[in-house]
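Chemist: okay, predicted coordinates and the sequence, questions at the end:
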Amino acid sequence: MPTTRFCETFGVDHPVVQGGMQWVGRAELVAAVAEAGALGFLTALTQPTPEALAEEIARCRELTDKPFGVNLTILPSINPPPYDEYRRAIIESGVKVVETAGFTPEAHLPEFRAHGVKVLHKCTSVRHAVKAEKIGVDGVSIDGFECAGHPGEDDIPGLVLIPAATRRLTVPVIASGGFTDGRGLVAALALGAEGINMGTRFLCTVESPVHRRVKEQIVANSELDTELIFRRLRNTARVASNSVSRKVVGILDDGGEFPDVRDLVAGARGRKVFEDGDLDAGIWSAGLAQGLIDDIPTVGDLVRRIVAEADELITGRLAAACRGD
Ligand SMILES: Cc1cc2nc3c(=O)[nH]c(=O)nc-3n(C[C@H](O)[C@H](O)[C@H](O)COP(=O)(O)O)c2cc1C
């Protein structure tokens, strides 16, 4: 069973992470990930208020006594959510691991550190990873171009981005984007990472709190079935291909601006996809990993399968190749 420095630092059995997912990172999924011995993150901004986040943390604790974390996605905006209050809710609830993403977590680090909260910062470039280590995060997740959600603007896939990051960093690095199985975990370890982060794969599990039609669509989709929206606005997001995401790409390609697509990309529409299973109600995040996903397992079966497959690869096929068998 591969264990790494990451497992020690973040207090989990397996080097497998379920990253924050808007509308998806709720107690049912995160508790199942924790029970499986991996590290799951509730998504702070899925909860409408810091008080609701504290309640969700309490609900997750009722479902598991294993450690879990909270994702705090920091998006620069005109009317930002009350980040300091969300941070306070995390700290006061006794959560000891946070995944930050979107923007530098610098403003939040002193408070997290003062309360013994470990910070895993997720970013999409080596320069941001290096900066995160410099300001004192405990680990870095590096998201390659394959990933669901925001891959950044550099378009560097994991095969280059992961070793480019691991050779520059000393804190544990988690490889993210396109991972679904034990082969991916072994590849990530070979590239110098100390574990994998998965979004799309965990979205397509029994405990994922989204409509079954979304999961069946992920199984049906191939690696070709994503769209990159907001490219020209330099705020790229990788989402599942559907009539809405294709329309957004078309409008922006034809010279449209954000106000022309604002209604199409509204969060409430994406939420409807997950809740009602109306796959063309709005945009929803999904990565190239869709092409490697063929089933809807329980989280427990998925994590066990990944770890067993990685183990078998390292001690079986790869060891045999080394011996020249
Ligand atoms: C439905 C969905 C919603 C997501 N929402 C967030 C989010 O709110 N904050 C965040 O940091 N990452 C978010 N992500 C990105 C994941 O945490 C993770 O970094 C990414 O999915 C990794 O790529 P993969 O999907 O290929 O595994 C989301 C991903 C998905 C699939």
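Modeler: The structure has been received and is ready for your questions.

Chemist: report the contact partners of the residue in the stretch 51-200 of the chain that the ligand sits nearest to.
Modeler: Residue nearest to the ligand within the stretch 51-200 of the chain (CB to the nearest ligand atom): residue 199, separated by 1.9 Å. In short, each C-beta sits where N, CA and C put it, glycine included. By CB atoms under 8 Å, 6 or more residues apart in numbering, residue 199 lies in contact with 18, 19, 21, 147, 148, 149, 176, 285, 287, 289.

Chemist: the ligand next: which of the residues you listed are close?
Modeler: Applying CB under 6 Å from any ligand atom to the contacts of residue 199, one finds that 19, 21, 147, 148, 149, 176, 285, 287, 289 fall near the ligand.

Chemist: my read: the fourth one touches residue 284, true?
Modeler: Going back to what we said before, that points to residue 148. No: using CB atoms under 8 Å, residue 148 is not in contact with residue 284, being 9.1 Å away.

Chemist: anything in contact with each of these two?
Modeler: Joint contacts of residue 148 and residue 284 (CB under 8 Å, 6+ apart) are residue 239.

Chemist: ok so, going back, quick one: which of the ones next to the ligand among the contacts of residue 199 sit in strands?
Modeler: Counted as lying in strands by DSSP state E, out of these, are residue 176.

Chemist: related to what we said a few turns ago, quick check, nearest of the contacts of residue 199 to residue 4?
Modeler: Distances from residue 4 to the contacts of residue 199, taken as CB to CB, are shortest for residue 176 (14.9 Å).

Chemist: could I get the pLDDT score of that closest one?
Modeler: On pLDDT, residue 176 comes in at 98.

Chemist: buried stuff in stretch 279-289?
Modeler: Across stretch 279-289, burial judged by 16 or more other CB atoms under 10 Å covers 279, 281, 282, 283, 284, 285, 286, 287, 288, 289.

Chemist: quick one: contacts for the third one?
Modeler: Which is residue 282. Applying CB under 8 Å, 6+ apart, the residues contacting residue 282 are 244, 264, 265, 266, 268, 269, 270, 271, 272, 273.

Chemist: checking it next. Helix, strand or coil?
Modeler: Classification of residue 282 by DSSP: H, G, I helix; E, B strand; the rest coil places it in coil.

Chemist: from now on call the first residue 564
Modeler: Got it, first residue is 564 now, which makes that one residue 845.

Chemist: who in the stretch 714-863 of the chain is up against the ligand?
Modeler: 739-742, 760-764, 766, 848-850, 852.

Chemist: in JSON lines: these, plus distance to residue 749.
Modeler: Output for those, formatted as JSON lines (distance: CB to CB, whole Å):
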{"residue": "739", "distance to residue 749": "16"}
{"residue": "740", "distance to residue 749": "16"}
{"residue": "741", "distance to residue 749": "14"}
{"residue": "742", "distance to residue 749": "11"}
{"residue": "760", "distance to residue 749": "15"}
{"residue": "761", "distance to residue 749": "15"}
{"residue": "762", "distance to residue 749": "20"}
{"residue": "763", "distance to residue 749": "19"}
{"residue": "764", "distance to residue 749": "15"}
{"residue": "766", "distance to residue 749": "23"}
{"residue": "848", "distance to residue 749": "26"}
{"residue": "849", "distance to residue 749": "24"}
{"residue": "850", "distance to residue 749": "19"}
{"residue": "852", "distance to residue 749": "16"}
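
Chemist: against residue 819, how distant is the residue of the stretch 614-763 of the chain closest to the ligand?
Modeler: Applying CB to CB, to the nearest Å, the value for residue 762 to residue 819 is 28 Å.

Chemist: which SSE is residue 770 in?
Modeler: For residue 770, there is no host helix or strand (DSSP states H and E).

Chemist: does it touch residue 597 like I think?
Modeler: No: contact criterion CB under 8 Å: residue 770 and residue 597 do not qualify, at 11.1 Å.

Chemist: distance of residue 570 from the ligand?
Modeler: 19 Å (CB to the nearest ligand atom, to the nearest Å).

Chemist: A helix includes that residue, no?
Modeler: Yes: judged by three-state DSSP, residue 570 forms part of a helix.

Chemist: could you pull up the residues touching the closest residue to it other than its chain neighbours?
Modeler: Leaving aside its chain neighbours, residue 570 sits nearest to residue 578 (5.6 Å; criterion: CB to CB, 6 or more residues apart in numbering). By CB under 8 Å, 6+ apart, the contact list for residue 578 reads 565, 566, 567, 569, 570, 737, 748, 752, 757, 758, 759.
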